[in-house]
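Peer 1: Whatever this is, show me its structure:
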Amino acid sequence: MINAYLSDGSTMRLSPEEPLAAFPEGIVWLDLIGPGPKEESHVEQLLGVDIPTRDELKDIEPSSRLYLEQGAIYMTASLVWRADSHDPQLTDVGFILSGDRLVTVRYADPKSFNLFIAALGRVPEDACNGPTLLAHLLETIADRTAEILETAIARLDRLSSDIFRDRETRRPPKFLEGKLAEIAESHRLVGKVRDSLGSLSRLITFLLNTPAIQSDENVRNLCATVGRDVTTLSEHAGFVAGNISFLLDASLGLINVEQNAIIKIFSIASVVFLPPTLVASIYGMNFQFMPELNWSHGYPLALVAMLVSAVVPFFFFRWKGWL
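Peer 2: Residues are numbered from 1 along each chain as shown. Below is the predicted model of the structure:
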């Protein structure tokens, strides 16, 4: 699908089935969503630039992601996709700046693009060109990334409250084990965000050194601002990742503490019942000469002895502070 956006804010859709003799006037942005070979060839004929395929967008080499070719600027960034789900992903998006026209190639639908399209009408028509749109699009992507980080931080705050609640209200170890899955989800999301910010930082650094951006002071200043925002977000994402590691270590430690407390109860119970067991074992022996067997009160005295032998260790442990 090829969506074309004009400088006056209107939208049109181009189709390879309806070939055009020349590139339509007024189009400043072509957004290719999941393009097939026919659509790629159609845009290449209209603009005279090469459109990277899906496999080419996946290349991780910097020389394959950021380069100049035939006067056009080719850039690829990894953006966070499906951040609101339990399985966030990274999707590679291609940005091509050819003169005053911007071309984007994507095979997913990151929320930042929808936000940018919704606010596209705010860009003044006299300043609506490819470099300006690219700078504002990168700004929207950075803002969306910041929003994702804020969501992750809010989730971590809830996790922290659940994990470090008072001992009287905290649930058993199985509850803490269930929180490990949520910590893993947060770790995965923040990891994707850090990868995305890294690619955006490299893209903006490369973009700032291109003639098309250096010749426009407003665009250059906006890109520099976005670059500083991305750097700040990267540092913040590193801080959030550190908090996630702390929560993971704390959860594992609390699970060990709770399990040790359970084992401690069983250990104390076995020690408390050991003396009564000893008394019962003595009087369960089949010796011929045991005076207590002939006593009229031998049975209740044996029960009292077992009870006393259990109570004395219990209070001794309490006195020592072991319970």
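Peer 1: is it true that residue 69 touches residue 50?
Peer 2: Yes: the pair formed by residue 69 and residue 50 meets the contact definition of CB atoms under 8 Å, at 6.9 Å. Just so you know, the C-beta spots here come from the backbone N, C-alpha and C atoms, and that holds for glycine as well.
Peer 1: show me where pLDDT drops low in the stretch 201-323 of the chain?
Peer 2: Segments of the stretch 201-323 of the chain classed as low confidence (criterion: pLDDT under 70) are 283, 285-289, 293, 320-323.
Peer 1: thinking again about what came up before, residue 69 and residue 50: which is more packed in?
Peer 2: More neighbours sit around residue 50 than around the other of residue 69 and residue 50, counting by other CB atoms under 10 Å; the figures are 15 against 10.
Peer 1: right, and that one touches residue 43 too?
Peer 2: No: under the criterion of CB under 8 Å, residue 50 makes no contact with residue 43, lying 9.8 Å away.
Peer 1: is it true that residue 50 lies in a helix?
Peer 2: No: for residue 50, which was evaluated using DSSP: H, G, I helix; E, B strand; the rest coil, the result is coil, with no helix membership.
Peer 1: what helix or strand is the closest residue to it other than its chain neighbours on?
Peer 2: Closest residue to residue 50 in three dimensions, ignoring its sequence neighbours and counting by CB to CB, 6 or more residues apart in numbering: residue 44, at 6.3 Å. In this structure, residue 44 sits in helix 37-47 according to DSSP states H and E.
Peer 1: tell me which residues of the following helix or strand past that helix are tucked away?
Peer 2: The helix or strand immediately downstream of helix 37-47 is helix 54-57, counting by DSSP H and E. By 16 or more other CB atoms under 10 Å, the buried positions in helix 54-57 come out as 56, 57.
Peer 1: tell me which strands and helices helix 54-57 is in contact with?
Peer 2: strand 89-98 (3 or more CB pairs under 8 Å, 6 or more residues apart in numbering; DSSP states H and E).
Peer 1: give me every residue that touches the nearest residue in space to residue 214 that is not next to it in sequence.
Peer 2: What sits nearest to residue 214 in space, not counting adjacent residues and going by CB to CB, 6+ apart, is residue 220, at 6.0 Å. With contacts defined as CB atoms under 8 Å, 6 or more residues apart in numbering, residue 220 is in contact with 208, 213, 214.
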